[in-house]
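K.L.:
Give me a 3D structure for the following:
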Amino acid sequence: MTSSSAGLTAPFAIVRFRPDGSAVESEPRLGLVAGERVREIGPDELGAGDLNAFLAEAPESWGRLRRIAEQADGTWHPLADVTLTAPVTPRQVLQTGANYRTHVIDLVAAGRAKNDPRPIEELREWAAEMMDRRAREGTPYFFIGLPAAVVGDDVDLVLPGYSDQHDWELELAVVIGKAAYRVDRDHALEHVAGYTIVNDITTRDLVFREDMKEIGTDWYRGKNAPGFLPTGPFLVPAEFVANPGELHLELKLNGDTMQDATTSDLLFDLPALIAGASQNMPLLPGDLLLTGSPAGNGIVHGRMLRDGDVMVGAIEGLGAQTVRAVAEAGSR
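P.N.:
This is a model prediction of the structure:
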């Protein structure tokens with residue numbers, strides 16, 4: 001798979017890549033993208049031992065790469081000659097549940113409609129009032145993802161054969177810069193190094209435990225299969241995302257638009273999420289904080305992922321990722 005910066009508006013971004021022809025198992029190289037060109041960067045260019053140490057110094061550290069991005073020398077190669085993978089190596093992945101107003105209204109109304117005699121519009125009004133009250137009085141809902149599930153769109157999404165209810169969830173992801181521990185809303189964005197794209201794949205029929213409903217949700221089984229967090233391909237510096245609260249998100253499945261929203265529909269904005277997530281455990285440089293997924297998931301469309309599906313997830317200014325779904329061997 002060759003690479004392109006289509007949809008990337010920043011003058012430069014960080015990537016991890018493999019030269020075309022190299023094995024998927026080979027260690028990716030850290031790179032700098034500017035337009036349709038890429039060059040490898042290491043500790044000398046970063047001014048730090050690795051990417052996470054570099055991000056710990058953001059935003060000041062971005063200036064080192066800005067100077068390199070403006071150079072025109074023989075160290076650059078065509079972006080089309082490489083394959084991009086996930087741009088980050090987080091130690092922690094924090095995920096936000098039920099954080100898009102319209103999305104939650106859709107899910108609540110659809111779930112209640114099976115056993116509730118009220119008309120669907122009345123159910124939606126009830127759900128809307130509940131969401132508005134939560135936004136005024138509540139706090140964000142977080143759960144933990146596994147860093148091992150983070151991959152690039154250079155590998156196929158294998159749909160585990162134990163279910164046929166695998167769903168998509170396009171999300172804006174915050175990449176943490178300097179460590180954040182018990183920060184407040186007013187200072188939360190100071191801890192953002194940049195942003196990237198994540199498709200948070202979910203196995204819907206495993207989210208709620210049927211054998212012991214009192215336990216509630218089971219996010220480990222519902223979300224953490226291999227490759228269930230396609231990420232990237234670009235890590236865009238925060239300074240190039242002027243208003244992360246007004247970004248357009250769109251996910252297409254086989255060319256048909258399924259999710260089409262903006263981050264203005266978030267119940268809890270980014271400062272609230274960062275501040276809330278940092279209260280009981282420090283957020284570390286390079287960590288991912290997923291901000292939730294908007295309306296338009298497969299469970300609402302009545303259409304889950306199948307063998308051969310192609311998803312293209314794009315977020316304004318951050319580029320796009322293309323993920324191909326394949327059935328697990330032996331389950332086709």
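K.L.:
By average pLDDT, which secondary structure element in the chain comes out worst?
P.N.:
Ranked by mean pLDDT, DSSP states H and E, the weakest helix or strand in the chain is helix 101-113, scoring a mean of 78.
K.L.:
And that helix, how far out from the chain middle?
P.N.:
22 Å (Cα atoms, centre = their mean, to the nearest Å).
K.L.:
Also stretch 105-118?
P.N.:
Relative to the centre of its chain, stretch 105-118 is centred 28 Å away, using Cα atoms, centre = their mean.
K.L.:
Stretch 176-183 now?
P.N.:
Centroid displacement of stretch 176-183 relative to its chain, using Cα atoms, centre = their mean, is 19 Å.
K.L.:
Other residues contacting it?
P.N.:
Residues from elsewhere that reach stretch 176-183, judged by Cβ atoms under 8 Å, 6 or more residues apart in numbering: 55-59, 188, 190-194, 238, 274-275, 277-279, 281-289. (C-beta placed from N, C-alpha, C; glycine too.)
K.L.:
Now do the residue sitting furthest away from the middle of the chain against Leu123, distance only.
P.N.:
Ranking residues of the chain by C-alpha distance from their mean position (Cα atoms, centre = their mean) puts Pro117 at the top, at 36.9 Å. Distance of Pro117 to Leu123, given as Cβ to Cβ, to the nearest Å: 10 Å.
K.L.:
how about the nearest residue to Gln95, chain neighbours excluded?
P.N.:
Excluding the flanking residues, the one nearest Gln95 by Cβ to Cβ, 6 or more residues apart in numbering is Leu290, at 4.5 Å.
K.L.:
Output the below-cut-off pLDDT ranges for the stretch 201-332 of the chain.
P.N.:
Along the stretch 201-332 of the chain, segments meeting pLDDT under 70 span 332.
K.L.:
what do you get for the stretch 51-200 of the chain?
P.N.:
In the stretch 51-200 of the chain (pLDDT under 70), the answer is 113.
K.L.:
Which stretches in it count as strands?
P.N.:
For the stretch 51-200 of the chain, the strands defined by DSSP state E, counting those that start in this stretch occupy 77-78, 82-85, 93-97, 141-145, 150-151, 157-159, 166-167, 170-176, 192-199.
K.L.:
so of those strands, which one's packed in deepest?
P.N.:
Neighbour counts (mean count of other Cβ atoms under 10 Å) averaged over each of the strands of the stretch 51-200 of the chain peak at strand 170-176, with a mean of 28.
K.L.:
quick check: angle from that strand to strand 93-97?
P.N.:
Angle between the axes of strand 170-176 and strand 93-97 is 140 degrees (criterion: axes from the mean of the first three to the mean of the last three Cα atoms, to 10 degrees).
K.L.:
Which residue ranges make up the domains of the chain?
P.N.:
Domain assignment for the chain by automatic domain parsing gives 13-85, 93-98+140-327, 100-139.
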